[in-house]
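Student: sequence-free structure coming up:
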Ligand SMILES: [Zn+2]
Ligand SMILES: [Zn+2]
């Protein structure tokens, strides 16, 4: 992995950089991630908020009420709708792995919500597996 990490949306309007190594790389198999990605699971890196900055464009929040009752924001490109990250939280910002320019180094080590994982998904060995999401 080479710092800063760079990435952006599909249309090129929004670009970001990350100046510190991610805290963790994870997959999420919850049904909300399945429906919003149209896929089997989502993948993200957790980075310190101060290590993340936009270098071009501005992300638009799309909010939804999470199961816990708290409002969850997805930040998307206003032009092409690419989901770039979640809104900042006290423990950092979750950036969508697929929006990185270079994903060759990515290897998820934590897997959330495996209770709703699609049965054909085989998790890599040695990871930390959670049936739901620990608080
Ligand atoms: Zn875009
Ligand atoms: Zn999820």
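Tutor: Cool, the structure landed. Just so it is clear, the model here is predicted, and its values are computed rather than measured. Ligands and ions are numbered 1, 2, ... in the order given.
Student: skipping adjacent residues, who's closest to residue 40 in space?
Tutor: Distances taken as Cβ to Cβ, 6 or more residues apart in numbering put residue 118 closest to residue 40, at 4.7 Å, once the chain neighbours are dropped. (Each C-beta comes from the backbone N, C-alpha and C, glycine too.)
Student: hang on, that neighbour packs against residue 27?
Tutor: No. Using Cβ atoms under 8 Å, residue 118 is not in contact with residue 27, being 11.6 Å away.
Student: shared neighbours of those two, anything?
Tutor: Overlap of the contact sets of residue 118 and residue 27 (by Cβ atoms under 8 Å, 6 or more residues apart in numbering) consists of residue 41.
Student: re earlier: where's the residue nearest to residue 40 relative to residue 71, distance?
Tutor: Counting by Cβ to Cβ, to the nearest Å, the separation of residue 118 from residue 71 is 27 Å.
Student: residue 22 sits in which helix or strand?
Tutor: Residue 22 is part of no helix or strand, with elements assigned from DSSP states H and E.
Student: kindly report the same for the one 3 residues further on.
Tutor: When secondary structure is defined by DSSP H and E, residue 25 falls within strand 24-28.
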